[in-house]
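Colleague: Return atomic coordinates for the entry below.
(one chain, ligands or ions: 2)
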Amino acid sequence: MRIVSIRDGVAPIASDIANAYIDFSKMTASIVAVTVEDGAGRRATGFGFNSNGRYAQPGLLRERFIQRLLEAPEVALSTPEGTLNPAGAWAAMMRNEKPGGHGERSVAVGVLDMALWDAAAKLEGVPLWKLLAERYRQGQADDSAWIYAAGGYYYPGKGVDALVEEMRRYLGMGYSVVKMKIGGAPGTPLRDALKEDVARIEAVLKLLGGDGSRLCVDVNGRFGLHAALSYGAALTPYKLRWYEEPLDPLDYSTHAALAEHYDGPIATGENLFSMVDARNLIRHGGLRPDRDVLQFDPALSYGLVEYLRTLEMLVAHGWSPRRCVPHGGHQFALNIAVGLGLGGNESYPEVFAPFGGFADDSPVQDSRIKLHDTPGIGFERKSALYTVLKTLTD
Ligand SMILES: O=C([O-])CC(=O)C(=O)O
Ligand SMILES: [Mg+2]
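Modeller: Ligands and ions are numbered 1, 2, ... in the order given. So this is what the prediction gives:
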């Protein structure tokens, strides 16, 4: 097994939307194409990109990780059976990297790892979900994945009516669970911000027939403990599907304090980028394996090689992979959800195009989606995305 070439680029995913913490006016993504040749002269090109929320990483990719991958010995890239070995490639990329302080190198490695898994599945002529089910779950893939429509962003001039209309569109697309942003009124005293958010939440709940289990709310890590507890108390009667990233993602003890007082499901993890960070959350964050939701995003956190370690760690701590619903709304995590039996995957029906979203011909029914049989991750089945990725190989 040898790497023939690696190409990389930067693509914009800028838009006018904002969450409670950042706007996306300058958001970018790294894209890569990795061409691999097996011992029998067969070639496959795998593609990778990072999902939203972290910027493109061209410096890290070019100065360190692409170089190391190109220099990796052939034996490191092959399994004993002669197939492409993403774990060996991962070890080669991480040579001479100290532990801890993961920063955004996990994003650069995640982009390349995605491309290697795409190539691995293409060389074996199977979709990635099938390859994963065969390797790690005795062939038991799920027949579809649960997905929910994430949106409800702040947007200039967007009021409650536009928010409800957006959610109505998601219901029309086949989603039954939706997510909206809260906590995004900068400088507003807590009491007023809460009042405004309660009105926004109630308007959306009305559309959902008053069923809180169909609505998630996302704070994007903006609150301190006091605000998180105040919002938690106000949200409790609505019995929401989940209360997402109420607190700074790395502040585990405040999560533990919130979990003592807020009974409903808490979701977090999209900004934890390694198995060790995830383990700290599990050890110290007071989260509850019977209800809370873990959103580690393999595209941002060193890829699937590391995500497999995270799943193993979770199981060792008494957590089911079904508690995982990755962030990012991309086909990589969707394949992982179906192949490894996660609880589902995020979906962005109207934002972060073309990186968010799934194959063009995959209808959503009652918030579930079926996967295709195309070898690899399936980017070739999503024309707007493939148009961007293909610029690397044309
Ligand atoms: O707005 C963002 O940064 C994305 C996000 O939190 C999510 O998809 O849950
Ligand atoms: Mg989020």
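
Colleague: what's the next secondary structure element after the biggest helix by length in the chain?
Modeller: Looking across the chain with DSSP state H, the single longest helix is helix 105-124. Using DSSP states H and E, the helix or strand that follows helix 105-124 towards the C-terminus is helix 128-136.

Colleague: Now do that next one against helix 105-124, angle only.
Modeller: Note on geometry: by axes from the mean of the first three to the mean of the last three Cα atoms, to 10 degrees, helix 128-136 and helix 105-124 are set 90 degrees apart in direction.

Colleague: buried set for helix 128-136?
Modeller: Buried positions in helix 128-136, judged by neighbour count with 16 or more other Cβ atoms under 10 Å: 128-133. Glycine gets a C-beta too; all of them are placed from N, C-alpha and C.

Colleague: go on, stretch 77-97?
Modeller: 77-78, 83-90, 92-94.

Colleague: and for it, what are the contacting residues?
Modeller: 1-3, 36, 38-39, 64-65, 68-69, 71-73, 75-76, 105, 109, 112-113, 116-117, 119-120, 123-124, 302-306 (Cβ atoms under 8 Å, 6 or more residues apart in numbering).

Colleague: Can you select the buried ones among those residues for me in PyMOL?
Modeller: To isolate the buried members of these in PyMOL, using 16+ other Cβ under 10 Å:
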select buried, resi 1+3+36+38+64+65+68+69+72+76+105+109+112+113+116+117+119+120+123+124+302+303+304+305+306
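
Colleague: Tell me the residue of the stretch 51-200 of the chain that sits nearest ligand 1?
Modeller: When distances are taken as Cβ to the nearest ligand atom, the stretch 51-200 of the chain reaches nearest to ligand 1 at residue 53, 4.4 Å away.

Colleague: that older thread, restricting to C-alpha, output the longest helix of the chain in PDB.
Modeller: C-alpha atoms of helix 105-124 as PDB (Å, rounded to 0.1, in the frame of the first residue of the first chain):
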ATOM      1  CA  ARG A 105      -4.000  19.600  14.900                       C
ATOM      2  CA  SER A 106      -6.900  17.200  15.600                       C
ATOM      3  CA  VAL A 107      -8.700  19.000  12.800                       C
ATOM      4  CA  ALA A 108      -5.900  18.600  10.300                       C
ATOM      5  CA  VAL A 109      -5.400  14.900  11.200                       C
ATOM      6  CA  GLY A 110      -9.200  14.400  11.000                       C
ATOM      7  CA  VAL A 111      -9.400  15.700   7.400                       C
ATOM      8  CA  LEU A 112      -6.700  13.300   6.300                       C
ATOM      9  CA  ASP A 113      -8.200  10.400   8.300                       C
ATOM     10  CA  MET A 114     -11.600  10.900   6.600                       C
ATOM     11  CA  ALA A 115      -9.900  10.700   3.200                       C
ATOM     12  CA  LEU A 116      -8.000   7.500   4.200                       C
ATOM     13  CA  TRP A 117     -11.200   5.800   5.200                       C
ATOM     14  CA  ASP A 118     -12.900   6.900   2.000                       C
ATOM     15  CA  ALA A 119     -10.000   5.400   0.100                       C
ATOM     16  CA  ALA A 120     -10.000   2.200   2.200                       C
ATOM     17  CA  ALA A 121     -13.700   1.600   1.500                       C
ATOM     18  CA  LYS A 122     -13.300   2.400  -2.200                       C
ATOM     19  CA  LEU A 123     -10.400  -0.100  -2.500                       C
ATOM     20  CA  GLU A 124     -12.600  -2.800  -1.000                       C
END
